[in-house]
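Chemist: sequence plus the predicted model coming up.
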Amino acid sequence: MEEQYLNVDFITPVLGFGVAAVLLIGCVPLLLHGWYRRKKFEQLADGYQTYKLRSSIRAELVAGGLVLSLMAALGIFAVLGYTSSARNLQSNIEQLYNPAKLELGTFNGSWMSADITLDDGTSFSNARVDVRAGNEPFIEDLWYHYHPKPRG
């Protein structure tokens with residue numbers, strides 16, 4: 001019988017953070033420029049404060065605000081996706097290895113580190129946790145603990 005594991009996807013949140021960072025780089029100058037143009041517009045004489053100029057400034061500020069909102073939404077969804085994947089990975093590790101103590105570390109882009117203590121007291125610090133097909137967690141240190149290399 002094949003075991004069912006919860007979905008673990010760290011790539012989508014990382015991509016979300018990346019897109020949010022690019023949007024931040026684009027929207028901050030846009031908002032600052034729109035704010036600067038609005039301040040200059042307010043100082044213009046009445047004949048120079050045209051509807052077309054006011055509309056252009058408003059469009060620039062609205063576009064910057066929309067991009068800022070999109071960036072915030074992507075950031076929130078990325079954080080939620082990352083925490084959900086971390087919880088699912090922890091649950092999958094507990095399901096497969098049943099450790100006495102488990103503490104997830106950091107995700108480096110392709111694998112996550114974890115501090116694991118087994119029921120027999122064996123402890124592994126900064127063990128590499130890979131996610132295989134079907135969201136199966138694989139911890140090489142534990143595999144070697146249960147399947148020692150033959151001496152020869």
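Modeler: Sure, I can see it. Numbers count the residues shown, from 1 in each chain.
Chemist: can you pull out the strands in the protein?
Modeler: Using DSSP state E, the strands assigned to the chain run over residues 101-107, 112-117, 123-131, 137-139.
Chemist: now do the second one: distance to the chain's middle.
Modeler: Same thing as strand 112-117. With CA atoms, centre = their mean, to the nearest Å as the basis, strand 112-117 stands 20 Å off its chain's centre.
Chemist: also the longest one?
Modeler: On the basis of CA atoms, centre = their mean, strand 123-131 is displaced by 20 Å from the centre of the chain it belongs to.
Chemist: now do that strand: which elements does it pack against?
Modeler: Packing contacts for strand 123-131, counted by 3 or more CB pairs under 8 Å, 6 or more residues apart in numbering; DSSP states H and E, involve helix 51-97, strand 112-117, strand 137-139, helix 140-146. Just so you know, the C-beta spots here come from the backbone N, C-alpha and C atoms, and that holds for glycine as well.
Chemist: so which of the ones you listed comes closest to residue 19?
Modeler: Residue 19 lies closest to helix 51-97 among the helices and strands packed on strand 123-131, at 5.7 Å (CB to CB).
Chemist: give the buried residues for stretch 33-51.
Modeler: 34, 37 (16 or more other CB atoms under 10 Å).
Chemist: what's the first-to-last distance across it?
Modeler: End-to-end distance of stretch 33-51 (CA to CA, to the nearest Å): 18 Å.
Chemist: so what touches that stretch?
Modeler: 53, 54, 56, 57, 60, 61, 64 (CB atoms under 8 Å, 6 or more residues apart in numbering).
Chemist: now a PyMOL select for only the buried ones of those residues.
Modeler: Only the buried entries of the contacts of stretch 33-51 go into this PyMOL selection, using 16+ other CB under 10 Å:
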select buried, resi 57+60+61+64
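Chemist: any chance of the contacts of stretch 33-51 in CSV, plus distance to residue 13?
Modeler: Shown next, in CSV, are these (distance: CB to CB, whole Å):
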residue, distance to residue 13
53, 41
54, 40
56, 37
57, 35
60, 31
61, 30
64, 25
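Chemist: nearest to residue 4, of the contacts of stretch 33-51?
Modeler: residue 64 (45.4 Å).
Chemist: any idea of the pLDDT on the closest one?
Modeler: pLDDT recorded at residue 64 is 96.
Chemist: cool, and residue 150?
Modeler: pLDDT at residue 150 comes out at 63.
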